[in-house]
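**Q** Pasting the sequence and the predicted model now:
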Amino acid sequence: MKPSEIREFTNKEIEERIETEESHLTQLRLNHAVSPLDNPNKIKAARKNVARLKTELNMRLKKEAEEKANQ
């Protein structure tokens with residue numbers, strides 16, 4: 001998932017996406033613990049997607065807080 005795609009989402013969509021990506025990451029980790037994945041880089045990619053989503057959400061929330069403080 002590219003940052004440009006994430007920027008198009010609303011805050012609510014980002015929160016929902018974080019939830020689904022985290023559950024997907026948990027499922028990948030469980031599957032990998034039971035039997036090795038064909039491509040363990042999927043875990044790394046999922047973890048980075050969660051981080052990208054959280055970063056964008058935090059930046060937006062911080063920007064909103066600054067705007068409220070300046071008013």
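**A** Thanks, I have the structure now.
**Q** can you pull out the strands in the protein?
**A** Shown for the chain, no strands are assigned by DSSP state E.
**Q** Pull up the per-residue confidence for the residue nearest the centre of it.
**A** The centroid of the chain falls nearest to Val50 when counting by Cα atoms, centre = their mean (2.4 Å). Predicted confidence (pLDDT) for Val50: 97.
**Q** Now for it: which residues touch it?
**A** 18, 21-22, 25 (Cβ atoms under 8 Å, 6 or more residues apart in numbering). Where C-beta positions appear, they are placed from N, C-alpha and C, glycine not excepted.
**Q** switch to 10 Å and redo it
**A** 1, 17-22, 24-25 (Cβ atoms under 10 Å, 6 or more residues apart in numbering).
**Q** where does the chain dip in pLDDT?
**A** Judged by pLDDT under 70, the chain has no weakly predicted residues.
**Q** and the longest helix for it?
**A** Longest helix in the chain by number of residues (criterion: DSSP state H): helix 41-70.
**Q** buried ones in it?
**A** Residues of helix 41-70 classed as buried by neighbour count (16 or more other Cβ atoms under 10 Å): 43, 46, 49-50, 52-53, 56-57.
**Q** any idea how far Ala51 is from Leu37?
**A** With the distance defined as Cβ to Cβ, to the nearest Å, Leu37 ends up 20 Å from Ala51.
**Q** Right, I'll leave it there.
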